[in-house]
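*Asks:* Sequence and computational prediction follow.
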Amino acid sequence: MSIGTRLYTWLKGELAGTDQFGNRYYREKGNRPIEKGGGLYSRERRWVLYNGEVEASRVPPEWHGWLHYTSNEIPSANRPRHAWQKEHQPNLTGTAQAYRPPGSVLLGGHRSPATGDYEAWKPE
């Protein structure tokens, strides 16, 4: 995190909450109302300070909605979840936990042989 971000957060930021990954979410102090007029649209600033690596996929969906003004309600940790909802995972590409389908070279697997049902296209 840069010194500018730290300074801006210290001077103008108000902690809105944290998520299960330890990311901290801030908004401008004073909770200024939305102003319309003169062709300008103004609203409070919202930002996140990541715990560890700065990676946007580490922001859970509830907080993503709040950051992008889809919801004005600050997400809470004790919010009920539906049975079909899975726990949020950051993007695991490039890590040992990345998804590798059966037959993936990275898994040490081999591709199954062709079954003979494929016919290549030939121009006439």
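*Replies:* The structure has been received and is ready for your questions.
*Asks:* Alpha carbons only: can I get the helix ranked longest in the chain in CSV?
*Replies:* Using DSSP state H to define each element, the chain has its longest helix at helix 3-12. The C-alpha coordinates for helix 3-12 follow below in CSV (Å, rounded to 0.1, in the frame of the first residue of the first chain):
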residue,chain,number,x,y,z
ILE,A,3,2.0,6.2,1.4
GLY,A,4,-0.6,8.3,-0.5
THR,A,5,-3.3,5.6,0.1
ARG,A,6,-2.5,5.4,3.8
LEU,A,7,-2.6,9.2,4.2
TYR,A,8,-5.9,9.6,2.3
THR,A,9,-7.4,6.7,4.3
TRP,A,10,-6.2,8.2,7.6
LEU,A,11,-7.5,11.7,6.7
LYS,A,12,-10.7,11.1,4.8
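*Asks:* who touches that helix?
*Replies:* Residues from elsewhere that reach helix 3-12, judged by C-beta atoms under 8 Å, 6 or more residues apart in numbering: 26, 28, 29, 45, 47, 49. (Glycine included, C-beta is placed from N, CA and C.)
*Asks:* Return the subset of those lying in strands.
*Replies:* Members of the contacts of helix 3-12 lying in strands (criterion: DSSP state E): 26, 28, 47, 49.
*Asks:* Sounds good, over and out.
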